[in-house]
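Trainee: Any chance you could fold what I've pasted below:
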Amino acid sequence: MSPAQLAFDLPHRAALGAEDFLVSDCNLAAVRMVDAWPDWPGPVQVLVGPAASGKTHLVRVWQERSGAEALDPTTLDVRSLDARPQGQPSRWRTPTGPGSTSGRCFIS
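Mentor: Numbers count the residues shown, from 1 in each chain. Okay, the predicted model is just below:
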């Protein structure tokens, strides 16, 4: 019989800053894309990867640098997107729900 597992109430800190992201060969292109903002080759970038690969972390890094706002796709009115100033990357979303492209973050 093994002893019961002990649970410790340890402090937790969210680690979503650029300095907290582990850069490796498999995510280097995505990191370079985020680092290249605002000099992107186009107004929209798509960040694609498997679950838990760091997409949201990288988007949060970009969001902090750009001052972008996060949009909730479940309450998003696409007509409101036309109201933003031209040429200013300012929003991102993670699709959810039926027909979504789960595992992708769209940056525009």
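Trainee: For residue 34, which non-adjacent residue is closest in space?
Mentor: Closest residue in space to residue 34, ignoring its immediate chain neighbours: residue 62 at 4.7 Å, by CB to CB, 6 or more residues apart in numbering. Backbone N, C-alpha and C define where each C-beta goes, glycine included.
Trainee: quick one: the one you found and residue 68 touch, right?
Mentor: Yes. Here residue 62 reaches residue 68: they are 6.8 Å apart, a contact under CB atoms under 8 Å.
Trainee: Am I right that residue 32 is in a helix?
Mentor: Yes. In this structure, residue 32 lies within a helix as judged by DSSP: H, G, I helix; E, B strand; the rest coil.
Trainee: Return the residues in contact with residue 53.
Mentor: Contacts of residue 53 were listed using CB atoms under 8 Å, 6 or more residues apart in numbering, and they are residue 27.
Trainee: tell me the pLDDT at it?
Mentor: We have a pLDDT of 86 for residue 53.
Trainee: That one and residue 71: what is the separation?
Mentor: Shown here: residue 53 relative to residue 71, a distance of 21 Å by CB to CB, to the nearest Å.
Trainee: same check, this time on residue 31
Mentor: As defined by CB to CB, residue 31 lies at a distance of 23 Å from residue 71.
Trainee: which phi and psi does residue 70 have?
Mentor: In this entry, residue 70 is assigned phi and psi values of phi -90, psi 140 (degrees, to the nearest 10).
Trainee: ditto for residue 48
Mentor: phi -120, psi 140.
Trainee: Name whatever forms a beta bridge with it.
Mentor: Using DSSP bridges, the beta-bridge partners of residue 48 come out as residue 104.
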